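Undergrad: The following comprises the amino acid sequence and a computationally predicted model.
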Amino acid sequence: MFILNAQSLRTHSFPQRALKKLTNRYKVGKKVEAIQLGLQDISNRREALGIKNIREGTSMSRSAQMLQDLRRSTPHAEEHVVVGLENEADKLVNQLIGGDQRRRVISLVGMGGIGKTTLAKKIIKQVCTSTKEQVEMVEKLQEHELGDFLHGRLKDNRYLIVMDDVWSPADWSCLAKVSSNNPDSLGNVFPDGGKGSRLLLTTRHKDVALHADARSIPQEMQLLSEQESWNLFRGKAFLDHVDADRYPPDLVQLGREMVDKCNGLPLAIVVLGGLLSRNMSHTEWRKVHDNINAYLAKEGCQTGVMTVLNLSYIDLPSYLKPCFLHLSLFLEDYVISTRKLLLSWIAEGFVLQQNRQSLKDTAEIYLNELINRNLIQVVRTSVNARVMECRVHDFIRELAIEKAKEHNFFETNTVVGPHLFPSNSSSLFSSKSRRQSIYSDFERYASIEHYSTPYLRSLLFFNLGGICRTSQLDFIAKCFKVLRVLDLEGLGIENVPSIIGELIHLRYLGLRHTGLKMLPLSIGNLRNLQTLDINNLKRVPDVIWKITNMRYLYIEEQEEDDPLKIDTVQNLQILSGITFNQWIRNNASKLTCLEKLKIEGRCELVEEVEFSNSIAKLHSSIKSLYLKASDESSIPSLAMSSCPHLCKLDIKGHMQKLTETFQFPRNLSQLTLEACRLDCDPMPILEKLPKLLTLRLRAGSYLGKEMHVSANGFPQLKILQFLGLSRLVMLNIEKGVMPWLMQLCFHFTIEIFGLHELLNLVDVRILTTPARVLLYPFINWLSNYFRIAGTKGGIHIRR
């Protein structure tokens, strides 16, 4: 609050400011001193009462013991109810009995309640039997005795061992290296006798599976389909297994609606079916239908759905918990842009600096950890497998909301409909509220009293529609002085009021798809702003140079090409949407942190040497470059060989000629060309790029009819895509070409010679209709080595 007070003194005379500052500092100092004394008093009392830190001491805490008991408990899914797991079971059996003779670890990976343990039990019952005496004997063994016993029994035999619900790589290492009195068996409890032994491991974390056996691909379990979900439900709810036509129609309708809310999670469906099977009355089913989440959470002491899923939250490291809770802000079934998600985490202060790694890279690591723990679902990835969009399963979202309430992380009464905004209510928000998501009518939200929530840090709006007048946004700057994140994406906005410049703590401002054409000059007062995300502005005000803390600037599709000074923003890491003319008027050598650059617009007046030199000045930092010229202009030629870190290059627009091989970055790994209108075959140049992994030639990139790839071309290429090359009819591949190519995508009109030379090819995508592809010359050859399936827009063939 001292910063806010200092900001408010700007209009006072110098003597008044000096006196007020001293007074404010004295008050702040006294408050800090009081807090320190309070903390010391708490510490003294803890010592006097013998209270220890969490996890300190030898005895297991009650919560830790409960967690261990819950992990050992078996979910509701009964062994005879195995619906929708037939394909998973077949794949698992093939892995267990197939492959080489080395000892392998086969892993089942999936979110809590997806059926990993049920599937493992089904498989084991088919192949193994254990006597009661054997089980009792093993349970009596001490840790070192267990290591000796297992090693002695297994070293000369072919064996299958199941390890259920392993939570961390450290747990696996402990299990696989049980201490032993026998030095020969130390660290080798599960010996590899070359007899095809297998260990079956179930876990929620993909990292555990890869740690246990990096050479085996984990089997990731999928949620049930709509029909599989219904089959599982009716087997539990309608115990007499009558014909479908004899089910009560009203219960069938309610049942299908409830099953749909389970989103294919087997545990939720089994718990729901068991609950409803006790009472077949319409009234009881309607009660559950109208409050399904509450019923699933409380059903059973230790096997309620939320209790099972809660284990995943408890197991999260402290740095991931706020990132997980942040997911509670998003709408049900909302497809989340990972860019927005990661930059919001950074603005909130959730992401910790790690060595010299950028905060965005660290945030991406956090995201992948949550994905590997099956708490976030991937919706869309880029060609290089980076996650672009994601979503959260409904029950995981409910868990996040529940935990957010416990920690006062999120104001939950803003997530429901307009009935929460009655006209006679002056304020509906707790003074502890730190984050709010608004899904209802904007005018109703703007009309209520907000002065009771002065410490709000994040404010997000979703799917509100309509047009918002400038004056209706004033309350945000007046009431939420410490706001860090403001996301107005999708809200129709005429203008942003100049008072927004008073939000001096703002770090993230999202204005994408708002229809906004102008920004006020006061935007330059947001000195702590890290992210500005906006598109389709008429012009960007030339005040960005004042925001020296800016790191991520997205200003795509500007209508006008006015000058824009940005070379004073030396912390800038991503700049997307600056025009060619704006770019060359800045001193690029000052942007020493710039890693990702997208330049677009008209470029006919840009001098080639000047432009090429400006890119070369980024040699110490630039990693990704995207050049997009308007239809009537050509991309300037440029030499990029002096940029050793540049690994991704996208070019969209006419090129007079393709850059020579030696002028490309030497570490280029991903190249995309589109609308380049090249007359000469680009392959003789591109095939010599030594580290190229992905090549995408899109519509209009090449106007010729034939391409030829010479022997030893593309030594490391893994992905090759021809998309929309309407004139290309033949691709000739010589022997020894693309030895590592794994994915090939092309239109059915292209005839490929030498495809059989691609020995590592596992994924072929042909853009056509299934009926037409069967006429393709090499389809019979492909069918000998690949699985062929029809997809929307073509054929997907996999080995």
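TA: Ah, there it is.
Undergrad: which SSE is Leu267 in?
TA: helix 266-276 (DSSP states H and E).
Undergrad: Let's see that helix as PDB, backbone CA atoms only.
TA: Extracted as PDB, the C-alpha positions of helix 266-276 are listed here (Å, rounded to 0.1, in the frame of the first residue of the first chain):
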ATOM      1  CA  PRO A 266     -15.000 -45.100 -15.100                       C
ATOM      2  CA  LEU A 267     -14.800 -44.600 -11.400                       C
ATOM      3  CA  ALA A 268     -17.400 -41.800 -11.500                       C
ATOM      4  CA  ILE A 269     -19.800 -43.900 -13.600                       C
ATOM      5  CA  VAL A 270     -19.400 -47.000 -11.300                       C
ATOM      6  CA  VAL A 271     -20.000 -44.900  -8.200                       C
ATOM      7  CA  LEU A 272     -23.000 -43.200  -9.800                       C
ATOM      8  CA  GLY A 273     -24.500 -46.500 -11.000                       C
ATOM      9  CA  GLY A 274     -24.100 -48.200  -7.600                       C
ATOM     10  CA  LEU A 275     -25.700 -45.200  -5.800                       C
ATOM     11  CA  LEU A 276     -28.700 -45.100  -8.100                       C
END
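Undergrad: That helix: how far from the chain's middle?
TA: 29 Å (Cα atoms, centre = their mean, to the nearest Å).
Undergrad: For the helix or strand just after it, list every residue counted as buried.
TA: Next helix or strand after helix 266-276 toward the C-terminus (DSSP H and E): helix 282-290. For helix 282-290, burial by neighbour count (16 or more other Cβ atoms under 10 Å) applies to 285, 288-289. Using the backbone N, CA and C atoms, a C-beta is placed for each residue, glycine as well.
Undergrad: Report the rounded mean pLDDT for helix 282-290.
TA: For helix 282-290, mean pLDDT is 86.
Undergrad: Could you do stretch 527-544 as well?
TA: In this model, stretch 527-544 carries a mean pLDDT of 95.
Undergrad: so what's Glu33 scoring on pLDDT?
TA: Listed pLDDT for Glu33 reads 81.
Undergrad: does it belong to a helix or a strand, and which?
TA: Under the assignment here (DSSP H and E), Glu33 is part of helix 14-49.
Undergrad: Next: Thr672.
TA: With DSSP H and E as the criterion, Thr672 is inside strand 670-674.
Undergrad: Show me what the helix or strand following that strand is in contact with.
TA: Beyond strand 670-674 on the C-terminal side, the first helix or strand identified by DSSP H and E is helix 683-686. With Cβ atoms under 8 Å, 6 or more residues apart in numbering as the test, helix 683-686 has contacts from 658-661, 671, 692, 695, 707-710, 713-714.
Undergrad: Just the C-alpha atoms of the strand holding Thr672, please, in PDB.
TA: Output of strand 670-674 as PDB, limited to C-alpha atoms (Å, rounded to 0.1, in the frame of the first residue of the first chain):
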ATOM      1  CA  GLN A 670      11.900 -26.400 -38.100                       C
ATOM      2  CA  LEU A 671      11.100 -24.700 -41.400                       C
ATOM      3  CA  THR A 672       7.700 -23.600 -42.800                       C
ATOM      4  CA  LEU A 673       7.200 -22.000 -46.200                       C
ATOM      5  CA  GLU A 674       3.800 -20.700 -47.400                       C
END
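Undergrad: Does anything pack onto it? Which helices or strands?
TA: Using 3 or more Cβ pairs under 8 Å, 6 or more residues apart in numbering; DSSP states H and E as the contact test, the elements touching strand 670-674 are strand 648-652, strand 694-697.
Undergrad: May I have the strands that pair with it, each with its orientation?
TA: strand 648-652 (parallel), strand 694-697 (parallel) (DSSP bridges).
Undergrad: Rebuild those as TSV, extending it with mean pLDDT and distance to Gly264.
TA: Formatted as TSV, the strands paired with strand 670-674 follow (pLDDT from 0 to 100; distance: least, Cβ to Cβ, whole Å):
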stretch	mean pLDDT	distance to Gly264
strand 648-652	96	35
strand 694-697	97	32
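Undergrad: okay, those, which one's buried deepest?
TA: Per residue and on average, the most neighbours among the strands paired with strand 670-674 fall to strand 694-697, with a mean of 22 (mean count of other Cβ atoms under 10 Å).
Undergrad: Each with direction, which strands does the following helix or strand past it pair with?
TA: Next along the chain after strand 694-697, taking DSSP H and E as the criterion, comes strand 706-709. Using DSSP bridges, the strands paired with strand 706-709 are strand 730-733 (parallel).
Undergrad: For the strand it pairs with, list every residue counted as buried.
TA: 731, 733.
Undergrad: Could you do stretch 29-42 as well?
TA: Buried, per 16+ other Cβ under 10 Å, within stretch 29-42: nothing.
Undergrad: Which residues does it contact?
TA: With Cβ under 8 Å, 6+ apart, stretch 29-42 has no contacts at all.
Undergrad: before we move on, the earlier item: filter the contacts of helix 683-686 to the buried ones?
TA: If we count by 16+ other Cβ under 10 Å, the contacts of helix 683-686 have these buried: 658-659, 671, 692, 695, 707-709, 713-714.
Undergrad: Lowest-confidence one in the residues you listed?
TA: Thr659 (88).
Undergrad: what sits opposite the nearest residue to Ser216 once chain neighbours are set aside in the beta ladder?
TA: Excluding its sequence neighbours, the residue lying closest to Ser216 (Cβ to Cβ, 6 or more residues apart in numbering) is Arg104, at 5.3 Å. Counting by DSSP bridges, Arg104 is bridged to Arg198.
Undergrad: could you list every residue that touches Arg104?
TA: Arg104 neighbours (Cβ under 8 Å, 6+ apart): 95, 197-199, 213, 215-216.
Undergrad: if we can go back for a sec, I'd like the buried residues of helix 282-290 written out as TSV, with distance to Met221 added.
TA: Formatted as TSV, the buried residues of helix 282-290 follow (distance: Cβ to Cβ, whole Å):
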residue	distance to Met221
Trp285	29
Val288	27
His289	27
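Undergrad: Closest one of the residues you listed to Val308?
TA: For the buried residues of helix 282-290, the residue nearest Val308 by Cβ to Cβ is Val288; the value is 18.6 Å.
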